[in-house]
Each structure stands twice: as C-alpha cells, then as structure tokens.
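Chemist: Sequence and predicted structure, then a few things I'm wondering about:
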Amino acid sequence: MAACKFFMFIFFIFTFIQLLDGKFTSSICNHDKPHIRFPFKVNSFCKHNQTMIKFKGYGELGVKSISNDPKKLTLFDPKDCVFEVFLNLDLDIAPFRYYHVVKNYTYWNCSIGLSGSLEPVPCLSDHKHHVYVVESSLDVPGFCEAVKTVLIPFSYSSYVSDDSFGLDLTWDSVGVMGFAEERRGFSVEAIVRGISMLILVLVILGLGCIMVYCWKKSRTNEHEWEKLIGDLETL
C-alpha cells in the first residue's frame, strides 16, 4: 500500500511538471516556419509570435528562414530599417558574415537633399537630415558629413528597402556553437525540463520498486499458501 501511494504521488508530480513545462514552452513560437534547430533554438525566443535572435552590441532581429545547406540565416528587421542594421550590426563580435559579396559603403549625413540618382534612406532621414548610403569612392559634398564606412552588400535604393533584403548571413559550425552557448544560461525552460527528467527517473525507479514489491508479495502469498496446504495435509 505504501508503494502504491508513493507511485501515485510521483505520478501527480510528474503530471504537474509536464503541465508547467507546457506553459513555458507554449511561449515559444509554435509555427513551423522557420523550423528552428539547434544551436539556433537555444539562442532564439518568441516575441509577438515572431522568432527572434538577439545580437550582442545591437539587439533583436527576426528570423525569416534558416538553411543548413547552404548555411544561410535570413533575418528581418522588426523596425523595418535594414540600413540602420547595416550601420550598427557588428559581425566582428558574432560568428556570422554576410552571405552575399560585400564592399565598402559610406553613410553620408547631409543638411540638404542631393539631386540626381542618389536616394536618401527614409527611416534614417528627416526634414533636417538626409542620410545616404553611397560607394566609398565618391567625394563627399561640402554640406554632407561622412558618418561611417561599413562593409555591406549594397547601397540604398528604394528597390531594396524591404525589411529583410540583404540580411542574409552565413556561419561556420564552431563559431555558431559558441554564439549559442552565450545565451544558454539557466533559463526557466531548461530548469523545468531538467526537473521533468529527474521526475521521470524517479517514476521509473518507483515502477521498479512496485514491481519488486509485487514480486515479493506474490512470493510471500505463495509461501503462505504452500504452508497452509502442508498444514491441511498434516491434519
């Protein structure tokens, strides 16, 4: 009887932990696109039903797709300003590099708008400041200031203003494993899963104890029955 009570106690605890685990894992984006695999699953989280990855020194970017052959991580900017990402995302401190060929482009901050084919970046510009992304070989006009030169896939054009155009990265396996470990930590989800595994082990041990108890009980009953038959035969 004591063994049965122990088993029921373990069963209810295990069920509770499973429900708790489900509560936390339900906060992870449950859609199938993109399918997040290790190590990106470790470093990703769900926000407004979008799968996100946080980059050190920059912030959060959304995950549009992941391919392992070829190795390609396609991101999108939730703020819809890809050229702000190009300006501030430092891939030197991340195990990624741009998937496409890159070259030096310079950000100009101009007090007045430029005529010609150059287009200002709308999300970085206002009525006082006009920001352009141009090839570094071009001469800076007198009313413009060269803000920063970066290695990126292309200069700005309204034809490439989508929130994910050009945000394709690739990686090497060793580097990206280290990137995943940075955020692994002791997350609530990891703790819950660890407790679940511990409870599962206890349940298996409990079942083993019950089987041993039942076997011993059966042997005792068999021995008592044989003893009773022997006593009856003696009479």
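Modeler: Arrived safely.
Chemist: quick one: the strands in this protein?
Modeler: 44-47, 50-55, 59-68, 71-76, 96-98, 103-110, 130-135, 144-152, 168-171 (DSSP state E).
Chemist: for the shortest one, packing partners?
Modeler: Under the contact criterion of 3 or more C-beta pairs under 8 Å, 6 or more residues apart in numbering; DSSP states H and E, the helices and strands touching strand 96-98 comprise strand 168-171, helix 173-184. Every C-beta, even on glycine, is put in place using the N, C-alpha and C of the backbone.
Chemist: ok, Ser164 to Glu145 distance?
Modeler: 29 Å (C-beta to C-beta, to the nearest Å).
Chemist: Name the nearest residue to Asp168, ignoring sequence neighbours.
Modeler: Tyr99 (3.7 Å; C-beta to C-beta, 6 or more residues apart in numbering).
Chemist: how close does that neighbour get to Leu75?
Modeler: Applying C-beta to C-beta, the value for Tyr99 to Leu75 is 10 Å.
Chemist: And for Leu89, the neighbour number?
Modeler: By other C-beta atoms under 10 Å, 24 other residues sit near Leu89.
Chemist: Report the separation between it and Lys54.
Modeler: As judged by C-beta to C-beta, Leu89 and Lys54 stand 12 Å apart.
Chemist: Same check on Pro141?
Modeler: Taken as C-beta to C-beta, the span from Pro141 to Lys54 is 37 Å.
Chemist: Asp92 now?
Modeler: Distance of Asp92 to Lys54, computed by C-beta to C-beta: 17 Å.
Chemist: And those two? Which one has more around it.
Modeler: The residue with more neighbours, out of Asp92 and Lys54, is Lys54; 14 against 8, by other C-beta under 10 Å.
Chemist: Surely the more buried one touches Glu60?
Modeler: Yes. Counting by C-beta atoms under 8 Å, Lys54 touches Glu60, with 5.1 Å between them.
Chemist: Low-confidence stretches in this structure?
Modeler: Within the chain, the ranges that satisfy pLDDT under 70 run 1-43, 161, 173-194, 196, 215, 217-235.
Chemist: Mark out where each domain of it begins and ends.
Modeler: Following automatic domain parsing, one gets these domains for the chain: 1-30+185-235, 31-173.
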